[in-house]
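J.: sequence unknown, structure follows:
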């Protein structure tokens, strides 16, 4: 099983999926981390010249959630390409659109309150890594 973590330093989990610079990909077999690699991650800086749609959030019943427009969905799909061999993606925070895009790509997103990649992977192995969907924006 491969788990991708969004990170800027290879040790801590980034609080923002879109802004993180890298994926730290850990391979887990028989409850042990057997391989670790850092992969480039597309992010907001890579898409700077592209059109972005931003929606004001007013909290109304018809409020649109962040990241569901076609351009955002395309960017999320491109972000997923680097980790298409992973079963899970762990981030400290992400938008609803990115979360749903990862699910559509066959990658289970997990939003965590852990800061350390090593601690989070051990919690995942133990079956105690909670998905904090309340951190989605």
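T.: Great, that's in hand. On a predicted model such as this, the values are computed, not experimentally measured, just so you know.
J.: Where is the longest helix in the protein?
T.: Longest helix in the chain by number of residues (criterion: DSSP state H): helix 70-81.
J.: what comes into contact with the helix or strand that that helix is followed by?
T.: Downstream of helix 70-81, the first helix or strand assigned by DSSP states H and E is strand 88-91. Here strand 88-91 makes contact (Cβ atoms under 8 Å, 6 or more residues apart in numbering) with 1-6, 13-17, 20, 23, 83, 102, 107-112, 114, 117, 120, 124, 129. (C-beta placed from N, C-alpha, C; glycine too.)
J.: in a helix, that's where residue 9 is, yeah?
T.: No - residue state for residue 9 (DSSP: H, G, I helix; E, B strand; the rest coil) corresponds to coil; a helix is not indicated.
J.: Which helix or strand contains residue 37?
T.: Here residue 37, judged by DSSP H and E, is contained in strand 32-40.
J.: In strands, which of the contacts of strand 88-91 appear?
T.: Members of the contacts of strand 88-91 lying in strands (criterion: DSSP state E): 2-6, 23, 108-111.
J.: pLDDT added to the residues you listed, as CSV?
T.: As requested, the ones in strands among the contacts of strand 88-91 are arranged in CSV below (pLDDT from 0 to 100):
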residue, pLDDT
2, 98
3, 98
4, 98
5, 98
6, 97
23, 97
108, 98
109, 98
110, 98
111, 98
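J.: Tell me where the model's unsure across the chain.
T.: 43-68 (pLDDT under 70).
J.: run the last query once more with 80
T.: Of all residues in the chain, those with pLDDT under 80 make up the ranges 43-74, 76.
J.: Might you report the residue contacts of residue 99?
T.: Contacts of residue 99 (Cβ under 8 Å, 6+ apart): 109, 111, 133, 136.
J.: So residue 29 versus residue 35, what's the distance?
T.: 9 Å (Cβ to Cβ, to the nearest Å).
J.: meant to ask about residue 105, not that
T.: Note on residue 105: its distance to residue 35, by Cβ to Cβ, is 22 Å.
J.: between those two, who's got more neighbours?
T.: residue 105 (17 against 10; other Cβ atoms under 10 Å).
J.: what's near enough to touch that one?
T.: Counted by Cβ under 8 Å, 6+ apart, residue 105 has contacts 77, 80, 84.
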